[in-house]
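J.: Could you look at this predicted model? Sequence included:
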Amino acid sequence: MLHSALINVMVKAARRAGRSLKHDLNEIEHLQVSLKGPANFVSLADKRAEEMLYTDLAKARPGYGFIGEEGGAREGSDKSHTWIVDPLDGTTNFLHGIPQFAISIALQREDTIIAGVVYNPANDELYIAERGKGAFLNDQRLRVAGRRKLDECVIACAMPHIGRGDLDLSRREMTAIQSKVAGLRRFGAAALDLAFVAAGRFDGFWERNLQSWDIAAGQIMVREAGGIVSGVDGKDDALTTGHVVCGNEFVHGELVRMLKAAG
């Protein structure tokens, strides 16, 4: 399948960094790990992958800005374009040898995400999306699931852990939703949760307190697959608030309604 030059640049960078992460996954017991806060680890693999991504993307598109989880914001001469990158979404999974993690790359033009790549090197699943051109998994077109009965839906969520999140609010939200759906899932990598919604594997997803690099690429996946993405109020911007809800029109609406009631 032919992709645009932009997507080719993003895919090439993701695959090169992915090879490094896959190698480190196989050597997990030898990784040097530093602690960046309670249950929030950052590994040498994470930092190395971000530098590889920065180098490749800067070479291909000189002047674009860059926002990465580890290195923060790096200003570019082109103020209208910014890469938003998570070199290793699902770090805790990675450091435990759980193959549910991904590289997430998005390109923002002005205030709009125009392209995204989410790549899991552990199983070689590559999700891509470009504004107005659809979303794909390994070149197969994606559509969000069409279910319109909550009791048939599997919904992904987060579970706050030590040092992060509002545990009481999370319990209220899960209590409100879990009795209405076929199942809740917590996989630990928001970029992949969003990509799974785009692929119809999950019917919906919600999570609070995310960063832009957790959401940006997955958000365009869901929208290009026919889904709706918003903040928990239903009309706000998840990239701004850090709180995300998504699914098809019906599931998104029902999740927003239940989350508002639980809040």
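T.: Happy to help now that I have it.
J.: Helix or strand for Asp86, just tell me which one.
T.: Counting by DSSP states H and E, the element that carries Asp86 is strand 78-89.
J.: count of neighbours near Gly132?
T.: 7 (other Cβ atoms under 10 Å). In short, each C-beta sits where N, CA and C put it, glycine included.
J.: Can you give me the pLDDT of it?
T.: pLDDT, Gly132: 97.
J.: ok, and for the helix or strand hosting Leu255, which residues are buried?
T.: Using DSSP H and E, Leu255 sits within helix 249-262. Buried residues in helix 249-262, counted by 16 or more other Cβ atoms under 10 Å: Phe250, Val251, His252, Glu254, Leu255, Val256, Met258, Leu259, Ala262.
J.: and the gap between the third one and Leu107?
T.: Per Cβ to Cβ, to the nearest Å, His252 is found 24 Å from Leu107.
J.: How many neighbouring residues does Pro160 have?
T.: Number of residues near Pro160 (other Cβ under 10 Å) recorded here: 16.
J.: wait, isn't it in contact with Asp166?
T.: Yes: the pair Pro160 / Asp166 is scored as a contact, 6.5 Å apart, by Cβ atoms under 8 Å.
J.: Each with direction, which strands does the strand holding Asp86 pair with?
T.: strand 64-68 (parallel), strand 102-109 (antiparallel) (DSSP bridges).
J.: chain center to the longest one, what's the gap?
T.: In other words, strand 102-109. 9 Å (Cα atoms, centre = their mean, to the nearest Å).
J.: I'd like the mean pLDDT over it, please.
T.: Here the average pLDDT along strand 102-109 is 98.
J.: same check, this time on the shortest one
T.: This predicted structure assigns strand 64-68 an average pLDDT of 97.
J.: Stretch 164-180 too?
T.: Here the average pLDDT along stretch 164-180 is 90.
J.: Need the contact partners of it.
T.: Identification of contacts with stretch 164-180 by Cβ atoms under 8 Å, 6 or more residues apart in numbering yields 38-40, 150-151, 155, 157-160, 184, 206, 208-209, 254-255, 258-259, 261-263.
J.: for that stretch, which positions count as buried?
T.: Ser170, Glu173, Met174, Ala176, Ile177.
J.: Ok, stretch 235-252 next?
T.: Buried, per 16+ other Cβ under 10 Å, within stretch 235-252: 237-239, 241-248, 250-252.
J.: for these, which one is nearest Asn138?
T.: Asn138 lies nearest to Cys246 out of the buried residues of stretch 235-252, by Cβ to Cβ, at 21.4 Å.
J.: where in this protein is pLDDT low?
T.: 1, 29, 31-42 (pLDDT under 70).
J.: Tell me which stretches of it form helices.
T.: Using DSSP state H, the helices of the chain run over 5-26, 44-60, 91-95, 167-178, 190-198, 212-224, 238-241, 249-262.
J.: Can you add distance to Phe66 and give those helices back as TSV?
T.: Output for these, formatted as TSV (distance: least, Cβ to Cβ, whole Å):
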stretch	distance to Phe66
helix 5-26	11
helix 44-60	6
helix 91-95	19
helix 167-178	32
helix 190-198	17
helix 212-224	11
helix 238-241	16
helix 249-262	31
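J.: looking at those, which is closest to Ser230?
T.: Closest among those, using Cβ to Cβ: helix 238-241, at 6.2 Å.
J.: Go ahead and confirm Leu142 touches Phe196.
T.: No: counting by Cβ under 8 Å, Leu142 sits too far from Phe196 to count as a contact (10.1 Å).
J.: Now do Asn226 against Asp214, distance only.
T.: In this structure residue 226 is Gly, not Asn. 22 Å.
J.: separation between the residue most central in space within the chain and Ala156?
T.: Taking Cα atoms, centre = their mean, the centroid of the chain lies closest to Ala191, which sits 1.6 Å from it. Remark: distance between Ala191 and Ala156 (Cβ to Cβ) = 12 Å.
J.: what's the neighbour count on the spatially closest residue to Ile105 that is not a sequence neighbour?
T.: Leaving aside its sequence neighbours, Ile105 sits nearest to Val117 (Cβ to Cβ, 6 or more residues apart in numbering; 4.6 Å). By other Cβ under 10 Å, the residues close to Val117 number 30.
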